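Participant: Return a 3D structure for these sequence lines:
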Amino acid sequence: MDHFVTDRLTAERLNESHLADLVALHQDPDVSRYLGGVRSAATTKAYLDVNMAHWDQHGFGLWALRTREGAFAGRAGIRHILVDDADEIEIFYAFKREFWGQGFASETATALTRIGLSRLMLPSLIGLVYIENGASRRVLEKLNYLLERSTNRHGEDLVIYRIRR
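Facilitator: Numbering: from 1, shown residues only. Model (predicted):
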């Protein structure tokens, strides 16, 4: 599962060569608004290291996304995450602003859900979303994720959506 392809994107397993693209993505305040805020280059490097280690430990993780033309579009993944003291498996994605509103999030979330439930045979997946992030909430609802509950994480009000195999 080092890579996958959708209709308009290619995804490759995250590696060191993606650092500059991730730094630029994480330093855009509009993109980072629902990612916990703008991240420094050092924080993004630590994020990269953690996510590469996740691949080594679990056999899945974060992918860098590129258009068919090869332009960096964003990042997406499937990862273990501790939520309210429970080990959950989350799908997540973030795109450069120029790719918003074009269906890339739905396309990617569909692929991640298929990979998680059908290929990895995970029992369920969650989407952890800021309450105000209507766009991501709509993506998950379109894919039949069900609103499970609200939670607070790092001082932010979030909702948890879940889909089961």
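Participant: now for the lengthiest strand in the chain, which elements pack on it?
Facilitator: Across the chain, the longest stretch assigned as strand under DSSP state E is strand 72-83. Here strand 72-83 touches helix 19-26, helix 41-58, strand 62-67, strand 86-95, helix 104-114, strand 124-130, going by 3 or more Cβ pairs under 8 Å, 6 or more residues apart in numbering; DSSP states H and E. C-beta: built from backbone N, CA, C; applies to glycine.
Participant: Tell me the helices and strands packed up against the longest one.
Facilitator: Secondary-structure packing of helix 41-58 (3+ Cβ pairs under 8 Å, 6+ apart): helix 19-26, strand 62-67, strand 72-83.
Participant: counting contacts, what elements does the first one pack onto?
Facilitator: With contacts defined as 3+ Cβ pairs under 8 Å, 6+ apart, the secondary structure elements packing on helix 19-26 are helix 41-58, strand 72-83.
Participant: Ranking helices and strands of the chain by mean pLDDT, which lands last?
Facilitator: Ranked by mean pLDDT, DSSP states H and E, the helix or strand of the chain with the weakest confidence is helix 29-32, at a mean of 85.
Participant: buried sites along it?
Facilitator: By neighbour count with 16 or more other Cβ atoms under 10 Å, helix 29-32 contains the buried residues Val31.
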